[in-house]
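# here are the coordinates; sequence isn't available:
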């Protein structure tokens, strides 16, 4: 091999090495771009997820029942006064159309065991129409009143189930599912027992 041929071969090899280096460098740069971008995106998603997990509504529901009517009258009413305080750091929306305000008389069977009677519905009347929803902001307290028609005196179970926002429902559902629990419906709930006597109806 002559000197000229060797120089040409060396130049060719050098050009090939440079070309390969450029290709590898390009692939490395592209890889770093994709990976770093993915990592950055993952970090953003993680921060967002943490924020969503830490940003939740926490409703404290208090029930204050009373009754109205006359002695020996056939029908009377339970008036249910409700306080809802949002102790969380995210607003919550109550869907009244899908919420349930109910009362049921506690009866006894022939063996003396307690059982619940037919559920009686509560109503949240407004002069300008039935309410559709209520928004409760963080640290805010809202108050509501319901009327439940009853037929006689006795001990009643008052059961409140409030349908919240889809976000809170999904968060609660996922938390329950993670420990093997599932529910067809998820509500904010509260119950109280209340006795209606003759001098209250």
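Perfect, I can see it now. What you are looking at is a predicted structure, and each value in this text was computed from that prediction instead of being measured.
# could you pull out the helices for the chain?
Counting by DSSP state H, the chain has these helices, from start to end: 3-54, 166-177.
# and those, which one's lowest on average pLDDT?
The minimum mean pLDDT among the helices of the chain belongs to helix 3-54 (a mean of 60).
# need the longest strand for this protein.
Ranked by residue count and defined by DSSP state E, the top strand of the chain is strand 92-108.
# Show me how far stretch 56-66 is from its chain's centre.
Mean-position distance between stretch 56-66 and its chain equals 15 Å (Cα atoms, centre = their mean, to the nearest Å).
# what is the mean pLDDT for it?
Stretch 56-66 comes out with an average pLDDT of 94.
# contacts for that stretch?
The list of residues contacting stretch 56-66 from outside it, by Cβ atoms under 8 Å, 6 or more residues apart in numbering, reads 78-92, 136, 138, 158, 160, 162, 164-165, 168, 171, 188-192, 194, 200. For glycine as for every other residue, the C-beta is placed from the backbone atoms N, C-alpha and C.
# Show me those residues that map onto strands.
Filtering those for membership in strands, criterion DSSP E, returns 78-86, 92, 136, 158, 160, 162, 188-192, 194.
# Outline the domain layout of this protein.
According to automatic domain parsing, the chain comprises the domains 1-54, 59-200.
# Share the number of residues neighbouring residue 186, please.
Burial measure for residue 186: 17 neighbouring residues, criterion other Cβ atoms under 10 Å.
# how close does it get to residue 149?
28 Å (Cβ to Cβ, to the nearest Å).
# One more: residue 96?
On the measure of Cβ to Cβ, residue 96 and residue 149 end up 18 Å apart.
# quick one, what contacts the residue nearest to residue 193 when sequence neighbours are not counted?
Setting aside the residues directly before and after it, residue 193 is nearest to residue 157 in space (Cβ to Cβ, 6 or more residues apart in numbering), at 5.9 Å. When contacts are counted by Cβ under 8 Å, 6+ apart, residue 157 is found next to 103-104, 106, 116, 191-193.
# what's near enough to touch the spatially most central residue of the chain?
The geometric centre of the chain, computed from its C-alpha atoms, lies nearest to residue 168 (Cα atoms, centre = their mean), at 1.7 Å. With contact set as Cβ under 8 Å, 6+ apart, residue 168 has these partners: 56-57, 92.
# do residue 122 as well
The neighbourhood of residue 122, defined by Cβ under 8 Å, 6+ apart, consists of 78, 80, 101-103, 146-148.
# if you set the cut-off to 6 Å instead, what comes out?
Under the criterion of Cβ atoms under 6 Å, 6 or more residues apart in numbering, the contact partners of residue 122 comprise 101, 146, 148.
# Dig out what residue 65 forms beta bridges with.
Counting by DSSP bridges, residue 65 is bridged to residue 80.
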